[in-house]
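J.: This is a predicted model, with the sequence first.
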Amino acid sequence: MKRFITAASLAALVLAAGPVAADDPNLARNLAANCANCHGTNGKAVAGAGMATLAGQPKEGLIQRMNEFRSGARPATVMHQIAKAYTDAQIDLVAGYLAAQK
Amino acid sequence: MFNRRDFLKTAGATGLSASVATLAGCAAGGSKATGHVVVVGGGYGGATAAKYLRMWSNGSVQVTLIERNTEFTSCPISNLVIAGEKTLADITVSYEGLKKWGVRVIHDDVVGIDTAKRSIRLAKQGELTYDRAVLSPGIEFLWDQVPGLKSAEAQAKILHAWKAGPQTVALRKQLEDMKDGGVYALSIPKAPYRCPPGPYERASMIAHYFKAKKPKSKVLVLDANADITSKKGLFVKAWDDLYKGIIEYRPNSELRDVDVASRTAILEFDKVKADVLNVVPPHRAGSVVTQSGAKLANNRWAEVDWLSLESVNVKGIHILGDSTLSAPLMPKSGFMANQHGKVAAAAILNLLAGEAPSLEPMMTNTCYSFVDAKHVIHVASVHRYDAEKKTMVTVPGSGGVSAERSALEASYAVGWAKNIWADMLT
């Protein structure tokens, strides 16, 4: 598809498309990068710094933990406040990405 | 070596045709980002962007980082150095790790940027061209607003210590040299300023030092703001519990000028003489941003497109961190700058590959503050892009502050620092 599209119709297409997670191949990577500030690049925490390594953890376990933070079932200092910002779909993407890190 | 012209030929890209390619469905995996990105400033924003551009492109994008200092020194945790709990070495990290990612690191000053030619001029090492530039220079002080501090000589006596490094060590020395029974006064500028809870952490940590070593001394907080701007309840409780009679807080105390010789803060209706006077002057975006032609709000902060951190008016420059006009409830913090760096890196790689930036960036922030050597409080927020408002907004129901100060969060604060420094620099 190479025909010319005007700027106006392009803008319309972008708006119509809206945020659709499945269409963005990098979304899982980008969202997981939010964890790296505390839990290390790609979930690989600095050894001995006392932060949980998320890389290579089972996906279901990561999802369960985030759900426990969100519900309050698991006590936390800060993660309950952060976990509540992410949707089920986003948590699924992030957990899948981190689980796949070797 | 790629230059911009080569890039345009290979990618066949103007902004428009690049976006069209995405919509036509040949985005994922077909095209690959190539080109040269110059990053100005190796702090929390710039260093993160440089590393992630290399990491996420698998090395296909060339990255040059221009940084004045030969080592990174962290502002977060620097209040512990001022209080004598840590050394400068504890908050200093080498740039060698970035070189291992293939980032070309140049230690020099930027003296000019030509955004039409996409070229950056250095003080000593000539000129660099870029396909896209990342400007993450931090802040520049508005010395005009504190006339007595315009000279370098005055600035060597009345310290800010709001950029970590020699000033951090010098302020520590002034506190060590101060007699017991002296007054340390801290002037805080009107918001927005770098690190909202930072001044209150500094007041707490210096009070902690006085309480142990110079118990007759006082901490006087001269705040230009009408109230404590961050974690108010937690700071007030810590000051009541730990530092009664040591910390005095004075709101609405905007600094007009300083008499350097007598170390006097001149306020609108009052003059306050101190033994150690610490002035954080009002500030704005770093000079490379203010010189770039990027649209500034209030002549201070750069307005950016939050999908890419690109300047709203100057194409090809992405502005990060404290220099940006912060989105609502977004702090000027190192943590936030790191998140800016990642969103910008992802967007730049898409743009260099002829694709549109992601439409749903998310950014998380947690600011830890020490209230004494072993207890910490935090404020956290999570921000998502709002397509209607065209800005980042906090996600309803998320974020918050500590339930109480705790030793557990002190261990997390230190763990956070080690991890974010590694995330940026190794």
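T.: Structure's in. What do you need?

J.: pLDDT below threshold where in the chain?
T.: Chain wasn't specified; assuming chain A. Scanning chain A for pLDDT under 70 picks out the ranges A:1-22.

J.: actually it's chain B I care about, not the one you picked
T.: In chain B, residues with pLDDT under 70: B:1-31.

J.: what's residue 69 in contact with, if anything?
T.: Answering for chain A, as no chain was given. Residues near residue A:69 by CB atoms under 8 Å, 6 or more residues apart in numbering or on different chains: A:76, A:79, A:80, A:82, A:83, A:84. C-beta coordinates here come from the backbone N, C-alpha and C atoms, glycine included.

J.: Chain B was what I was after
T.: Shown in contact with residue B:69 (CB under 8 Å, 6+ apart): B:42, B:107, B:165.

J.: can you rerun that using 10 Å?
T.: B:42, B:43, B:92, B:95, B:107, B:163, B:164, B:165 (CB atoms under 10 Å, 6 or more residues apart in numbering or on different chains).

J.: I'd like those residues as JSON lines, with neighbour count and secondary structure appended.
T.: Converted to JSON lines, the contacts of residue B:69 look like this (neighbours: other CB atoms under 10 Å in any protein chain shown; DSSP: H, G, I helix; E, B strand; the rest coil):
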{"residue": "B:42", "neighbour count": "28", "secondary structure": "coil"}
{"residue": "B:43", "neighbour count": "27", "secondary structure": "coil"}
{"residue": "B:92", "neighbour count": "16", "secondary structure": "strand"}
{"residue": "B:95", "neighbour count": "19", "secondary structure": "coil"}
{"residue": "B:107", "neighbour count": "16", "secondary structure": "coil"}
{"residue": "B:163", "neighbour count": "19", "secondary structure": "coil"}
{"residue": "B:164", "neighbour count": "23", "secondary structure": "coil"}
{"residue": "B:165", "neighbour count": "18", "secondary structure": "coil"}
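
J.: Residue in the stretch 101-250 of chain B with the shortest distance to chain A?
T.: The nearest approach of the stretch 101-250 of chain B to chain A comes at residue B:101, 10.5 Å away (CB to the nearest CB).

J.: Okay, that residue and residue B:423: tell me how far apart.
T.: Residue B:101 sits 12 Å away from residue B:423, going by CB to CB, to the nearest Å.

J.: same thing with residue B:126?
T.: From residue B:126 to residue B:423 the distance is 31 Å (CB to CB).

J.: So which residues of the stretch 301-426 of chain B form strands?
T.: Applying DSSP state E, counting those that start in this stretch to the stretch 301-426 of chain B gives strands spanning B:301-302, B:304-305, B:310-311, B:317-319, B:362-372, B:375-386, B:391-394, B:400-401.

J.: Chain A: which of those strands is closest?
T.: That would be, of the strands of the stretch 301-426 of chain B and by CB to the nearest CB, strand B:375-386, which comes in at 3.3 Å.

J.: what is the orientation angle of the closest one with strand B:362-372?
T.: Here the directions of strand B:375-386 and strand B:362-372 differ by 160 degrees (axes from the mean of the first three to the mean of the last three CA atoms, to 10 degrees).

J.: ok, so what distance separates the closest residue to chain B within chain A from residue B:304?
T.: Taking CB to the nearest CB, chain B has its nearest neighbour within chain A at residue A:85, 3.3 Å off. From residue A:85 across to residue B:304, the span is 21 Å (CB to CB).

J.: In terms of neighbours, single out the busier of the two.
T.: Set residue A:85 next to residue B:304 and count neighbours by other CB atoms under 10 Å in any protein chain shown: residue B:304 wins out with 25 against 22.

J.: The more buried one pairs with what?
T.: residue B:311 (DSSP bridges).

J.: Contact partners for residue B:148?
T.: B:154, B:158, B:255-261, B:264-266, B:279.

J.: Which residue ranges of chain B form helices?
T.: Using DSSP state H, the helices found in chain B span residues B:4-11, B:15-23, B:44-56, B:78-82, B:96-100, B:152-157, B:166-177, B:198-213, B:232-242, B:287-290, B:334-352, B:407-425.

J.: Touching, the residue of chain A closest to chain B and residue B:366? I think so.
T.: No. With contact defined as CB atoms under 10 Å, residue A:85 does not reach residue B:366; the gap is 11.9 Å.

J.: Find residues that contact each of those two.
T.: B:380, B:381, B:382, B:399.

J.: Cross-check those residues against chain A and keep the overlap.
T.: The subset of the shared contacts of residue A:85 and residue B:366 within reach of chain A, by CB under 10 Å from any CB of the partner chain, is B:380, B:381, B:382, B:399.

J.: Between residue B:126 and residue B:423, tell me which one has more neighbours.
T.: Each of residue B:126 and residue B:423 has its neighbours counted (other CB under 10 Å); residue B:423 has more, 28 against 10.

J.: In contact with that one, which residues?
T.: Residue B:423 makes contact with A:33, A:35-42, A:44-46, B:44, B:47-48, B:51-52, B:338, B:341-342, according to CB under 10 Å, 6+ apart.

J.: nearest residue to residue B:249 other than its sequence neighbours?
T.: residue B:221 (4.7 Å; CB to CB, 6 or more residues apart in numbering or on different chains).

J.: since we're on residue 88, how many residues are nearby?
T.: All of this is about chain A. For residue A:88, the neighbour count with other CB under 10 Å is 11.

J.: meant chain B actually
T.: Neighbourhood size, residue B:88 [other CB under 10 Å]: 17.

J.: from what I can see it touches residue B:81, true?
T.: Yes. Under the criterion of CB under 10 Å, residue B:88 is in contact with residue B:81, at a separation of 5.8 Å.

J.: so what sits against both of these two?
T.: The contact sets of residue B:88 and residue B:81 overlap at B:73, B:74, B:164, B:168, B:169, B:172 (CB under 10 Å, 6+ apart).

J.: quick one: the strands in chain A?
T.: With DSSP state E, there are no strands along chain A.

J.: Please enumerate the helices of it.
T.: Assigned by DSSP H, chain A shows helices spanning A:7-17, A:27-32, A:36-39, A:59-71, A:79-83, A:88-99.

J.: Distance from the chain centre to the last one, please.
T.: The one in question is helix A:88-99. With CA atoms, centre = their mean, to the nearest Å as the basis, helix A:88-99 stands 5 Å off its chain's centre.

J.: what angle sits between that helix and strand B:375-386?
T.: Relative orientation of helix A:88-99 versus strand B:375-386 (the same axes, to 10 degrees): 120 degrees.

J.: anything in helix A:88-99 near chain B?
T.: Yes. Helix A:88-99 reaches chain B (CB under 10 Å from any CB) through A:90, A:94.

J.: follow-up on the earlier one: with neighbour count and distance to residue B:227 as extra columns, can I get the contacts of residue A:69 in CSV?
T.: Below are the contacts of residue A:69 laid out as CSV (neighbours: other CB atoms under 10 Å in any protein chain shown; distance: CB to CB, whole Å):
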residue, neighbour count, distance to residue B:227
A:76, 13, 28
A:79, 19, 29
A:80, 20, 27
A:82, 25, 26
A:83, 20, 30
A:84, 19, 27
